[in-house]
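*Asks:* when you get a sec, could you give me coordinates for this:
(chains A and B)
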Amino acid sequence: MSIATRSVPRTIGAHAILLTYTVIALFPVILVIMNSFKSRAGIFGAPLTPPTPKTFDLIGYTTVIGQGDFIHYFQNSLVVTVASLFFVLLFGAMAAFALSEYRFRGNSLMGLYLALGIMIPIRLGTVAILQLMVASGLVNTLTALILVYTAQGLPLAVFILSEFMKQVSDDLKNAGRIDGLSEYTIFFRLVLPLVRPSMATVAVFTMIPIWNDLWFPLILAPSEETKTVTLGAQLFLGQFVTNWNAILAALSLAIMPVLILYVIFSRQLIRGITSGAVK
Amino acid sequence: MGSLNIENVKKAFGPVEVLKGINLEVNDGEFVVFVGPSGCGKSTLLRVIAGLEDSTSGRVVIDGEDVSATPPAKRGIAMVFQTYALYPHLTVKNNMGLGLKQAGTPAAEIERRIGIASSMLSLEPYLERRPAELSGGQRQRVAIGRAVVREPKLFLFDEPLSNLDAALRVNTRLEIAQLHRRLKATMIYVTHDQVEAMTLADKIVVLNAGRIEQIGGPMELYNSPANEFVAGFIGSPKMNFVDGARLGETAKTIGVRPEHLTVDPKSGAWKGTVVHAEHLGADTNLYLDCEKAGLITVRIFGVYDAEPGATLYATPDPAKTYRFGVDGKVLK
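*Replies:* Numbers count the residues shown, from 1 in each chain, chains lettered A, B, ... in the order given. The predicted model follows:
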């Protein structure tokens, strides 16, 4: 029953490869979620089996919710992630628009300079950043984290978005200019909606490292008030005793918000709204 | 109320000079077509007129007013683009009304003008639709409507038919011609298609490599081209150019249009073999490989049977033969 565009062995092969990959990718996540619902003895006795009535235990979740202010940590993580994401997308898109739309002296040099951050890890500058934050009195504030993450996310955002903005029809922007739209209106109303799929790509790439980061919260904002979820989960990691139930439960909970954000953005990735504008 | 003067306009992108000093006068109500091969600077010239591009030097004067430093929205122009360039998030009605809204026109006046434009272009059933829900021809009509509602001094068309299929192109061409007759507005139209230029224009401006080669009415350019470039560009099929020396002439090049050649199987000026024949019904194009003149095209009205390989004699009409000098200019 092989039709011109399909052959059975090839279809099986493709599915086998993809399924294997899916299993490998999902394995650790499922392991974490599965074990978060088990008692301590269950986790160590048979880590690979799903919770049975005998091993099922919500002790991890009750610990997490009872001990430490996890709702607050979540809030902190969410504020930092969403705010950083907002600034990265806003400033990244603006810089990308300027680089792709206007001819000015040093344009390509500026583009290169803005993209340089992709190649240099921001963590190399940790000491200087800490000194800066101490000097400006921003240590132990969420602002410090938002500033650092915005800086961290911008290079990639500018790099990706300027490529996409070059593809937006010049005629459309010029039509706006002839109709008397300001450059800001052209940017926000005409160009941004057309590059929405690439904005979503950038958002996903930016969001995940920020949400998962342990380094900067630990250094810049370790206070109880400003702890993020990843930092909060460290509470249960001791030098001698580790509360695995609580850690696994905290991690399982931490997956949720980022998953929701991802679902929102990935819908944008798929939706094509450019049709009808040109051609 | 829509004259245009272009005075010695030059435009350079870095070291590349795209416009090398353009002087042009367009009278009120004229339909002027800029035509030329790609890269000749015709679109750049249009964009300079629109104000989307600053000229390196020179002046653009609309209605006696120097607009060289005026932003596009304040120049009293409207432009129709090749890719339609409709706002994807707005309905047809809002697409047409946006420019007026930006200029602070009262809502009732906007409504009235949209009404007139949409009935003129038969767009009434589509006013509440978005561009994505329209066909290519409808989109281009919306783009034209968007220009019409602004009641500009100057309409600018940038290859508006290039994205349409052949049948729609003829229709839309007709609509634009009727629109010009009805509005009596000044229109400037850019195209690389000499058929569009010939059919629409009161005045054709032939551009080549950033310079104006010739300005004139369609028949003027056809009957008395100033130089070899214009002679070759205007008219289809293209004019035949024969090396003067091979014919024993003093001119560098001899030009004859395919329709000004006659063929005879027995005798004539240039003996040749038929390479290929194109039968179009109304006329027949023959490609002859001549001993003296090289490969030439002959256009015969009506049906003419000629097998490839057959021997034919082609004779040019001496009254309609052009002689070009070494510099490409016509010799008087």
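
*Asks:* all helices for the stretch 1-150 of chain A, in order.
*Replies:* Remark: helices assigned in the stretch 1-150 of chain A by DSSP state H, counting those that start in this stretch are A:8-36, A:40-45, A:59-66, A:70-101, A:107-115, A:126-135, A:142-165.

*Asks:* residues touching the nearest residue to residue B:102 once chain neighbours are set aside, list them.
*Replies:* Sequence neighbours aside, residue A:180 is the residue nearest to residue B:102 in space, at 3.8 Å (criterion: C-beta to C-beta, 6 or more residues apart in numbering or on different chains). From N, CA and C alone the C-beta is placed, and that goes for glycine too. By C-beta atoms under 8 Å, 6 or more residues apart in numbering or on different chains, residue A:180 lies in contact with B:73, B:74, B:99, B:102, B:103.

*Asks:* which SS class is residue A:180?
*Replies:* coil (DSSP: H, G, I helix; E, B strand; the rest coil).

*Asks:* which residues touch residue B:165?
*Replies:* Residue B:165 makes contacts with residue B:136, as judged by C-beta under 8 Å, 6+ apart.

*Asks:* mind redoing it with 10 Å?
*Replies:* Residues in contact with residue B:165 (C-beta atoms under 10 Å, 6 or more residues apart in numbering or on different chains) are B:136, B:137.

*Asks:* got it, and the one 5 residues further on?
*Replies:* Taking C-beta under 10 Å, 6+ apart as the contact definition, residue B:170 lies against B:161, B:164, B:195, B:196, B:199.

*Asks:* within the helices and strands, which one has residue B:204?
*Replies:* Using DSSP states H and E, residue B:204 sits within strand B:203-208.

*Asks:* next one: that strand to chain centre, how far?
*Replies:* Chain-centre distance of strand B:203-208: 8 Å, with C-alpha atoms, centre = their mean, to the nearest Å.

*Asks:* can you get me a residue count around residue A:106?
*Replies:* Applying other C-beta atoms under 10 Å in any protein chain shown, we find 9 other residues in the vicinity of residue A:106.

*Asks:* let me know the pLDDT of residue 183.
*Replies:* Let's take chain A. pLDDT recorded at residue A:183 is 93.

*Asks:* my question was about chain B, not that one.
*Replies:* 90.

*Asks:* can you check the one 10 residues further on too?
*Replies:* The per-residue pLDDT reported for residue B:193 equals 90.

*Asks:* swap in residue A:276?
*Replies:* As predicted, residue A:276 sits at a pLDDT of 41.

*Asks:* then residue B:38?
*Replies:* On pLDDT, residue B:38 comes in at 89.

*Asks:* could you do residue A:129 as well?
*Replies:* Residue A:129 carries a pLDDT value of 94.

*Asks:* need the phi and psi values for the residue of chain B positioned farthest from its centre.
*Replies:* In terms of distance from the mean C-alpha position of chain B, residue B:266 ranks first, at 40.8 Å (C-alpha atoms, centre = their mean). Main-chain torsions, residue B:266, degrees, to the nearest 10: phi -100, psi -60.

*Asks:* hmm, it is touching residue B:313, no?
*Replies:* Yes: between residue B:266 and residue B:313 there is a contact under C-beta atoms under 10 Å: 7.0 Å.

*Asks:* quick revisit: in helices, which of the contacts of residue B:170 appear?
*Replies:* In this view, the contacts of residue B:170 that belong to helices under DSSP state H are B:195, B:196, B:199.

*Asks:* my guess is the last one contacts residue B:218, does it?
*Replies:* Same thing as residue B:199. Yes: between residue B:199 and residue B:218 there is a contact under C-beta under 10 Å: 8.0 Å.

*Asks:* can you list the residues that contact stretch B:174-181?
*Replies:* The contact list for stretch B:174-181 (C-beta under 10 Å, 6+ apart) reads B:29-31, B:80, B:117, B:120-122, B:137, B:140-141, B:144, B:147-148, B:155, B:157, B:160-161, B:185-187, B:189, B:196, B:199-202.

*Asks:* please spell out the ChimeraX selection for the buried subset of those residues.
*Replies:* Of those, the buried ones can be selected in ChimeraX as follows, counting by 16 or more other C-beta atoms under 10 Å in any protein chain shown:
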select /B:30,31,80,117,120,121,137,140,141,144,147,148,155,157,160,161,185,186,187,189,196,200,201
